[in-house]
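Asks: I need the structure of the sequence given here:
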Amino acid sequence: MLIEKYKDLIVFAESLGFEEEYIKEEEGKLKIKGHVPYQLEKDLFWDKVKTFSDSKNEVSADIRVYHKEVYGVYEVEPGDSLSKIAKKFYGDAMRYKEIFDINTDILSNPDLIKVGQILKMPEK
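Replies: Purely as a prediction, here's the structure:
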């Protein structure tokens, strides 16, 4: 049963704020339709799908995005720095400047971020 095989994907989608219209198995495929807050979550969802073997043949998803004005948001956690966040999301710590530049409305120094701040994330 595909729903059982992709249970971790469904749980992951929920952790991204996925709002389900349906998840069903039909014609040998797992069909998923719903919304996520930002493009970032949609990209993370598809990255997770690709970790499953044969997902190209078994998963069909229609994931829509509610907010298109920014790529995504991230809440600063203890121990974070802009370079750590850039490394986590983009694989390149040097992209910290892009995160800083899109958040100059709340940040005045790239070395001074605070736990709990909500940062806008630039596109990949």
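
Asks: So what does the most centrally placed residue in the chain look like in phi/psi?
Replies: Central residue of the chain (Cα atoms, centre = their mean): residue 41, 2.4 Å from the mean position. Here is the backbone geometry of residue 41 (degrees, to the nearest 10): phi -60, psi -40.

Asks: tell me the contacts of it?
Replies: 16, 17, 18, 65, 72 (Cβ atoms under 8 Å, 6 or more residues apart in numbering). Using the backbone N, CA and C atoms, a C-beta is placed for each residue, glycine as well.

Asks: Tell me the spacing between the closest residue in space to the first one that isn't next to it in sequence and residue 29.
Replies: What it means is residue 16. Computed as Cβ to Cβ, 6 or more residues apart in numbering, the closest residue to residue 16 that is not its neighbour in sequence is residue 41, at 4.1 Å. Look at residue 41 and residue 29: by Cβ to Cβ, to the nearest Å, they are 22 Å apart.

Asks: doesn't residue 56 make contact with residue 29?
Replies: No: contact criterion Cβ atoms under 8 Å: residue 29 and residue 56 do not qualify, at 10.5 Å.

Asks: Good, wrapping up.
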